[in-house]
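> Provided below for reference: sequence and predicted model.
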Amino acid sequence: MAHLTGKLTKRGVETAKPGRHGDGSGLYLVVDPSGARRWVLRVTVKRKRRDLGLGGTSYVSLQEAREKAQEYRRIAKQGGDPLLDAKKEIPTFAEMAKQVHMERLPTWKNPKHGDQWINTLRDYTFPKIGRLPVSDIGQPEVLSCLSPIWTEKHETAKRVSQRIKSVLDVAKSKGYRTGENPVTEIKDARVLPKVNVVVKHHKAMDWQDAPDFYADLQTRSAMAAKALMFTCLTGSRTGEVLGMQWAEIDFKARLWTCPAERMKGKVEHRVPLSNAMLSILEPLQAMKSEYVFEGQKRHKPLSNMAMLMLLRRMGVEGVTVHGFRSTFRVWASEVAHAPREVAEMSLSHKIGNDVERAYARSDLLDRRRILMERWSGFVINTDTKIIALRAKH
């Protein structure tokens, strides 16, 4: 095909400011406020004017856009529908979703999160809109996915909504769509009913019951019992404890440093190790495993369900492993009368706003060490157990 010319230049395409820039004969470069650049052809088909996306500039060059525009104008002039021809090149929603999933694989916290992302779309959107070109998906199509689960599975529906929006946003950035995202339009128009969600907190054990429970744990030799004992004493999250490796522990400094990638807030967290915590860890070194709390497979951690299943075998109902963080927090407030910032930092919670955190560089390690030693003493000490039982009754 001969070299085609127009008003735009290669340099102009790269530097154009947000807006609509004409190349001639109905071909436009559209630059979004975000900086995304795509080609749009305005063409009249059977007396109806249409805007046809030709692709993003990172995928379709200026010359290629002109060639596509010329071909689609020829089809329209002959009475055909260039949109039908273009749809052969536009991916379906399922294809686009799988592509987005693959592109984001390196950003997932763990493979499980990546699987959940694509699985929710596979279960709730692919049967309804999976085969549709992403250019054809509007409010009715999105509502067909969300309406059936909006009230009965509201949290799931919200996640599905967010993931549909992400897929369609990426499709637009690559030039396969134009106009507003239908998910945003549905939200702004309040098309779906408001759902009042009751926040469900992790069920926690009363602090008065912690000593007796811990005494029961001490009689058990299973690795899950060791992990649960350590979890109770540190107030850490399940994933933080089960993923712990020996390189994170400094026995001389009596310190466990949990790396940022395993922390919920993506910030490294230092945990002072009490005598009781060390008494759990030190014997486990003899196993020479990569992980502190090794599971059934060599050099692999315990299953994330191991501690919960142990609770069930112990007959402890209505309590979750995560709930022991709340047990510690209530004890720290009601019994130890610990300053709020010390108790919250012990649980790796953020304190104050961004400005306050910028000035508060210390993680209060020394003060937290004292608090965690007291907590360990309360949970294990016989005299403290008696006081706790008296307080309860």
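Okay, I see it. Only a predicted model underlies this, so the values are computations on that prediction, with no experimental measurement involved. Numbering: from 1, shown residues only.
> so what's the gap between stretch 47-56 and the chain middle?
Chain-centre distance of stretch 47-56: 36 Å, with Cα atoms, centre = their mean, to the nearest Å.
> swap that for stretch 286-294, sorry
For stretch 286-294, the separation from the chain centroid amounts to 29 Å (computed by Cα atoms, centre = their mean).
> for that stretch, give me every contacting residue.
Contacts to stretch 286-294, defined as Cβ atoms under 8 Å, 6 or more residues apart in numbering, come from residues 223, 226-227, 230, 241-246, 249, 281, 284, 298-302. No exception for glycine: its C-beta is placed from N, CA and C like everyone else's.
> show the buried residues in those residues.
Among these, those buried by neighbour count (16 or more other Cβ atoms under 10 Å) are 223, 226-227, 230, 241-244, 249, 281, 284, 301-302.
> need these in CSV (columns: secondary structure and distance to residue 313).
Converted to CSV, these look like this (DSSP: H, G, I helix; E, B strand; the rest coil; distance: Cβ to Cβ, whole Å):
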residue, secondary structure, distance to residue 313
223, helix, 14
226, helix, 15
227, helix, 14
230, helix, 18
241, helix, 19
242, helix, 18
243, coil, 23
244, coil, 23
249, strand, 28
281, helix, 23
284, helix, 21
301, strand, 20
302, coil, 14
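> so residue 54 lies in a strand, does it not?
Yes. Per DSSP: H, G, I helix; E, B strand; the rest coil, residue 54 lies within a strand segment.
> now do the contacts for residue 5.
Neighbouring residues of residue 5 by Cβ under 8 Å, 6+ apart: residue 66.
> ok, it to residue 209 distance?
81 Å (Cβ to Cβ, to the nearest Å).
> coming back round to it: ok, so of the buried ones among the contacts of stretch 286-294, who is nearest residue 9?
Using Cβ to Cβ, residue 243 is the member of the buried ones among the contacts of stretch 286-294 that sits closest to residue 9, with 53.4 Å.
> which stretch of helix or strand covers residue 330?
Counting by DSSP states H and E, the element that carries residue 330 is helix 323-334.
> got a list of contacts for the next helix-or-strand element following that helix?
Proceeding N to C from helix 323-334, the next assigned helix or strand is helix 340-346, under DSSP H and E. Residues outside helix 340-346 that contact it (Cβ under 8 Å, 6+ apart): 235, 328-329, 332-333, 350-351, 360, 363-364, 367-368, 371-372.
> can you check the pLDDT for the residue nearest to residue 103 when sequence neighbours are not counted?
Nearest non-adjacent residue to residue 103, counting by Cβ to Cβ, 6 or more residues apart in numbering: residue 170, 7.9 Å away. Here the pLDDT value assigned to residue 170 is 90.
> before we move on, what about residue 158?
93.
> next, count neighbours for it.
15 (other Cβ atoms under 10 Å).
> please enumerate the strands of the stretch 101-250 of the chain.
In the stretch 101-250 of the chain, the strands defined using DSSP state E, counting those that start in this stretch lie at 249-250.
> for the residue nearest to residue 89 when sequence neighbours are not counted, list each beta-bridge partner.
Nearest residue to residue 89 in three dimensions, chain neighbours excluded: residue 55, at 7.8 Å (Cβ to Cβ, 6+ apart). Counting by DSSP bridges, residue 55 forms beta bridges with residue 39.
> just checking, residue 55 touches residue 175?
Yes. Applying Cβ atoms under 8 Å, one finds residue 55 in contact with residue 175, separated by 3.8 Å.
> more neighbours, these two?
residue 175 (24 against 20).
> just to revisit the earlier point, and the helix holding residue 330, how far out from the chain's middle?
How far helix 323-334 lies from its chain's middle: 26 Å, per Cα atoms, centre = their mean.
> which neighbouring elements make contact with that helix?
Packing partners of helix 323-334 (3 or more Cβ pairs under 8 Å, 6 or more residues apart in numbering; DSSP states H and E): helix 210-218, helix 223-234, helix 340-346, helix 365-380.
> which regions of the stretch 251-393 of the chain lie under the pLDDT threshold?
Scanning the stretch 251-393 of the chain for pLDDT under 70 picks out the ranges 352-361, 382-393.
> quick one, what contacts residue 226?
Going by Cβ under 8 Å, 6+ apart, residue 226 touches 280, 284, 293.
> count the residues that sit near the last one.
Okay, so that is residue 293. Residue 293 is flanked by 24 other residues according to other Cβ under 10 Å.
> quick one: it and residue 117, what's the gap?
28 Å.
> picking up where we left off before, just the closest of the contacts of residue 226 to residue 194, please.
For the contacts of residue 226, the minimum distance to residue 194 (Cβ to Cβ) is 43.7 Å, reached by residue 293.
> do you know how far the closest one is from residue 300?
On the measure of Cβ to Cβ, residue 293 and residue 300 end up 10 Å apart.
> what do you get for residue 282?
Residue 282 sits 22 Å away from residue 300, going by Cβ to Cβ.
> repeat for residue 317
29 Å.
> now residue 164
According to Cβ to Cβ, residue 164 and residue 300 sit 36 Å apart.
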